[in-house]
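Engineer: Sharing a model that was predicted from the sequence below.
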Amino acid sequence: MLPLILRRLGLGVLTLWLVSVLIFAGTEILPGDVAQTILGRTATPESLAALRDQLSLNEPAIYRYGNWLGGILSGDLGVSLSSNTSIAGIISDRFTNTLLLASLTALFGIPVGFALGMLAAVYANTRIDRFITVFSLCTISVPEFFMASAFVLIFAVYLGLVPAVAYITEFESISQLLRSLAIPILTLSFGVLAYMARMTRAAVLNVMRSPYIEMAILSGVPRGRLVVRHALPNALGPIVNVTALSLAHLISGTVVVEVMFAYPGLAKLTVDAVSLRDMPLVQACAMIFSAAYILLLMLADILAIMANPRIRHAS
Amino acid sequence: MKSTNKTARQLIGERDVDCLRRLYQGGRLTRREFVSSLLNLGIGAATAGGILAISPTTEAATPKHGGRVRAATGTHGPDDTLDPAKFKSSVDYCRGEQFYNGLTRINGDLRAEGELAESWDADPTAREWTFRLRKGVEFHNGKSFEAEDVVYSIRRHFDPSVTSGAKVLVDQIDEVTAENKHTVRFSLKSPNADFPILLGLHNMKVLPAGWTDFSAAVGTGPFTVKEFKPGVRSVGQRFPNYWDGDKPYLDEIEWFAISDEVARINALLAGDVQLLGGVGAQAAPAVERATGVELVTTPSGQFIEMVMMCDRPPGEDNEFRLAMKYLMQREDVVQRLFQGRGRVGNDHPIAPSDPFYCDDIPIRSFDPERAGFHLKRAGMEGGSVEIFTAPGAGRSATELALMVRQEGRKIGLNVEVKRVPSDGYWSTTWMHKPIFMAGWNPRPTADIMLTLGYKSDAPWNESHWQNERFDELLELGRAELDTAKRREIYCEAQRLIHETGGAALPVFFDYVDGISNKVKGFQKIPLGPLAAGQWPKHIWLES
């Protein structure tokens, strides 16, 4: 098992490196550059050249890539070109906000989604199952921006229960924090829990078709115990994978929610940085997102390896 | 004053004046609109001034102290700054008004009013300007305000490494010197009758001499920085030693941006923000219907246009440009694209709200026949053209391009609307393609607007329109201190652009903001959303 895990780790590092090349190349081919954005529409060729020199945009790409990668490896994310301040400083606040929203959403969405999926699997093809299926298909199909607008309209504008902008002004109390984040959490969890429920149900029911379950049924194991005790352990692999994907999505895919609620998270920062052509900032954000994805998926894979008796006992 | 007021009412009927006065007090008319409406009713200027005495400021003249306001505008980002030289968006501008002062400020009539300068005068050539400074003004760090601070703050813009957004404008200053502790002299390279207005621009805020640290703002403004996070928010706290009487009235201001338009409106309707910049014409009815909030429209000089570059086909032929100008359904654009919140443009960039607007030039109305005639003369009948546009090119710019396409096809011109991404529009499409859409923010003076966008060698001369006489007129206008003569000069300039300029410019549209009913003392300034950011200095909260 250990060599398998080590190989998985090695693959993770390799992927991360490939991604870094892609990110760098991607930001290279965007039209226009930060010098142009800083100087605005009035930029004269001379001032552009001077500023490009100042920001060392004239060095060859390979050289700049090397510098950048070296910086990241030594923990230095560099300096934001548009604001001339340290990227680590800009990102740390935003990343904390992103993690806060993601973890609160995960705490709510993942258990609820899992429970709904299990419920649907235990009561497969009954009314409960059909209700959960229809509900989750509906929430998956409705786009986030629509759901967010609808929630704001109902809960903030008409009922006045919660603020329309999820804006943590000062940390006062947990209840106040939850109140101001309630709608974003709700919006994001709907997507997550529906996905979780669908995948849990599918994974469990898939295992339910295997011969050993049939054997268990014939031995008279009750349905609930059958699903939880016998089917679930073998379905855990795919479920863990879905959980990891959902978590990664919560970290990098929340731009719509951040924009709708003026929530100062990392995704909105990335979009702003792209439009400002602040490449070091874009690259740093993109690296954080990719690293989160790769790390979470790697963890899921390792957990799956450890959960699978065939792999666990191989070698 | 009361008696003149009464005779005026008897002369023209009480109803009209009352109606106008209500509109003015309710903030729906600017001072300029109010006075000119009265003048149109046949009331003399002096009498109009008498009626004006019942202005919003005097009528509700019991400002209250205290309270906290949250206010939001449309865009911000990691490049938000507290360095006045780098200010470039309305979110920066409002911070400038909270934390700093200029020598002058630009008021609702687009005139310069003293702020850190008490008074000023120019020599007859409009080249030597002397500004006498206010005494007893204190910076947030305790330093007292003196002439050296002004000299430093102006000279900063000359330094190329500062990359000031106002460099082009300050380049006309030859030298700035402190005559004594409270007098500053400016010598200009060429005359400029508008110089005091230039000193009221957002970039021209005054810093303490030698100041270079912009992690916080140290100015003389009504609020001090309690918190500043670029792209997140700023919090301003009342500066107790502010020089302007008992202003400011608020204790604290939170200022940020909500980029999504729907979310922005919702925040206002839910009461999360008390002032909201940039409501947008489409959302205006929803705000109008809501209780507790009020819609404030400020007629302004912001516009959208279709630019035809004059140095390449098809725009190089003035016949073609005229054809396109006659295709503009100006009234329709105002009514349909802006819900009536704007006025028609006449193919030049000076808005009817500008003191130098020339109303002698008849509005070029929609005339497909004449358009067809000019199209034929340009030899473009049956030809095809492409109009480039993007969501970020200007408000409703794409819709305008589509209107041109529809009308163009009717006269045998095959118009194709090319939509490109907003991202990179200003660096790769604007001033690169032969025909493109563009939106402009208003400028405080006719001179700045014309110089920036139409002078032959201006970097933003977007249509590459060349006209020697026009360049000459700009010089003449700047050197003329007599307003009547200046009006003539600028009228000729507008006529030149109207006849041969490279832009079909159908509309000037209003700023539409939403404010809570509790906010009082809001003054309209037609240079940007939310009174061009100047509201922190004037408003108070009614409980």
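Structural biologist: Everything's here; your move.
Engineer: quick one: the helices in the stretch 1-150 of chain A?
Structural biologist: Using DSSP state H, counting those that start in this stretch, the helices of the stretch 1-150 of chain A run over A:2-28, A:34-39, A:45-54, A:61-73, A:87-122, A:127-141, A:144-151.
Engineer: what separates the residue lying closest to B:Glu261 once chain neighbours are set aside from chain A, distance-wise?
Structural biologist: Spatial nearest neighbour of B:Glu261, chain neighbours left out: B:Gly280 (5.8 Å); criterion: CB to CB, 6 or more residues apart in numbering or on different chains. All C-beta atoms are positioned from the backbone trio N, CA, C, and that covers glycine. With the distance defined as CB to the nearest CB, to the nearest Å, B:Gly280 ends up 16 Å from chain A.
Engineer: any idea which element B:Gly280 lies in?
Structural biologist: Taking DSSP states H and E as the definition, B:Gly280 sits outside all helices and strands.
Engineer: Would you mind giving me the confidence score for it?
Structural biologist: At B:Gly280, the model reports a pLDDT of 75.
Engineer: Count the neighbours of it for me.
Structural biologist: Other residues lying near B:Gly280 total 17 when counted by other CB atoms under 10 Å in any protein chain shown.
Engineer: ok, the closest residue to B:Gln329 other than its chain neighbours - contacts?
Structural biologist: Once flanking residues are discounted, B:Gln329 sits nearest to B:Phe366: 4.6 Å by CB to CB, 6+ apart. Residues near B:Phe366 by CB atoms under 8 Å, 6 or more residues apart in numbering or on different chains: B:Tyr326, B:Leu327, B:Met328, B:Gln329, B:Arg330, B:Glu331, B:Asp332, B:Glu407.
Engineer: Could you look up the SS state of B:Phe366?
Structural biologist: Here B:Phe366 is coil, with the state taken from DSSP: H, G, I helix; E, B strand; the rest coil.
Engineer: burial count for B:Trp460?
Structural biologist: When counting by other CB under 10 Å, one arrives at 17 neighbours for B:Trp460.
Engineer: how far away is it from A:Glu214?
Structural biologist: 77 Å (CB to CB, to the nearest Å).
Engineer: cool, and B:Asp251?
Structural biologist: 73 Å.
Engineer: Look at the two and report which has more neighbours.
Structural biologist: Counted by other CB under 10 Å, B:Asp251 and A:Glu214 do not tie: B:Asp251 has more neighbours, with 15 against 11.
Engineer: Double-check the more buried one against B:Lys64; I have them as touching.
Structural biologist: No. With contact defined as CB atoms under 8 Å, B:Asp251 does not count as touching B:Lys64 (11.1 Å).
Engineer: So what does residue 237 have for phi and psi?
Structural biologist: You didn't pick a chain, so chain A it is. For A:Gly237, the backbone dihedrals (degrees, to the nearest 10) come out as phi -50, psi -60.
Engineer: please go with chain B instead
Structural biologist: When read as degrees, to the nearest 10, the backbone of B:Gln237 gives phi -120, psi 140.
Engineer: how far out from the middle of the chain is stretch B:520-529?
Structural biologist: 11 Å (CA atoms, centre = their mean, to the nearest Å).
Engineer: How about residues contacting that stretch?
Structural biologist: Residues outside stretch B:520-529 that contact it (CB under 8 Å, 6+ apart) are B:27, B:30-31, B:56-57, B:60, B:63, B:73-74, B:90, B:93, B:106-108, B:110, B:249, B:277-278, B:296, B:298-301, B:353, B:441-444, B:511, B:513, B:515, B:531-532, B:534-535, B:538-542.
Engineer: Select from those residues every entry located in strands.
Structural biologist: Residues from the contacts of stretch B:520-529 lying in strands, with DSSP state E as the criterion: B:Thr73, B:Ile106, B:Val296, B:Thr298, B:Pro299, B:Ser300, B:Gly301, B:Tyr511, B:Asp513, B:Ile515, B:Trp540, B:Leu541.
Engineer: ok, and the closest non-adjacent residue to the last one?
Structural biologist: It refers to B:Leu541. B:Gly67 (3.8 Å).
Engineer: about what we covered before: go ahead and build a PyMOL selection from the buried members of the contacts of stretch B:520-529.
Structural biologist: One line in PyMOL is enough to select the buried members of these, burial here meaning 16 or more other CB atoms under 10 Å in any protein chain shown:
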select buried, chain B and resi 27+30+31+56+63+73+74+90+93+106+108+110+249+277+278+296+298+299+300+301+353+442+443+444+511+513+515+531+532+534+535+538+539+540+541
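Engineer: coming back round to it: pipe the helices of the stretch 1-150 of chain A into CSV and attach distance to B:Met309 per row.
Structural biologist: As requested, the helices of the stretch 1-150 of chain A are exported to CSV (distance: least, CB to CB, whole Å):
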stretch, distance to B:Met309
helix A:2-28, 30
helix A:34-39, 20
helix A:45-54, 19
helix A:61-73, 33
helix A:87-122, 39
helix A:127-141, 46
helix A:144-151, 37
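Engineer: before we move on, back to that, ChimeraX command to pick out the buried ones of the contacts of B:Phe366?
Structural biologist: Buried subset of the contacts of B:Phe366, written as a ChimeraX selection, criterion 16+ other CB under 10 Å:
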select /B:326,327,328,329,330,331,407
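Engineer: Please identify which of the contacts of B:Phe366 is nearest to chain A.
Structural biologist: The closest of the contacts of B:Phe366 to chain A turns out to be B:Met328 (CB to the nearest CB; 24.6 Å).
Engineer: Checking the closest one next. Helix, strand or coil?
Structural biologist: Assignment for B:Met328 (three-state DSSP): coil.
Engineer: Touching, B:Pro208 and B:Phe139? I think so.
Structural biologist: Yes. Using CB under 8 Å, B:Pro208 makes contact with B:Phe139 at a distance of 5.0 Å.
Engineer: More neighbours: which of those two?
Structural biologist: Between B:Pro208 and B:Phe139, counted using other CB under 10 Å, the more crowded position is B:Phe139 (23 against 20).
Engineer: any idea how far chain A is from the more buried one?
Structural biologist: 24 Å.
Engineer: Can you check the pLDDT for that residue?
Structural biologist: So, for B:Phe139, pLDDT stands at 96.
Engineer: What segments of the stretch 1-150 of chain B are strands?
Structural biologist: B:68-73, B:104-106, B:112-114, B:117-122, B:128-133 (DSSP state E, counting those that start in this stretch).
Engineer: so which of those gets nearest B:Met403?
Structural biologist: strand B:68-73 (28.7 Å; CB to CB).
Engineer: List the contacts of the closest one.
Structural biologist: Contacts of strand B:68-73 (CB under 8 Å, 6+ apart): A:165, A:262, B:90-91, B:94, B:250-258, B:264, B:267, B:272-278, B:519, B:529-530, B:535, B:539, B:541.
Engineer: 7 Å instead?
Structural biologist: B:90-91, B:250-258, B:264, B:267, B:272-278, B:529-530, B:541 (CB atoms under 7 Å, 6 or more residues apart in numbering or on different chains).
Engineer: who in the stretch 101-250 of chain B is up against chain A?
Structural biologist: B:Pro160, B:Thr163, B:Gly165, B:Val168, B:Lys229, B:Pro230, B:Gly231, B:Val232 (CB under 7 Å from any CB of the partner chain).
Engineer: Among those, which one lies nearest to chain A?
Structural biologist: Closest to chain A, out of all of these and judged by CB to the nearest CB, is B:Val232, at 4.3 Å.
Engineer: Quickly note the distance from that closest one to B:Gly77.
Structural biologist: Distance of B:Val232 to B:Gly77, computed by CB to CB: 10 Å.
Engineer: A:Arg179 too?
Structural biologist: 27 Å.
Engineer: what about those two, which has more around it?
Structural biologist: Applying other CB under 10 Å to A:Arg179 and B:Gly77 shows that B:Gly77 carries more neighbours, namely 22 against 14.
Engineer: which residues touch the more buried one?
Structural biologist: A:Asp272, A:Leu276, B:Gly231.
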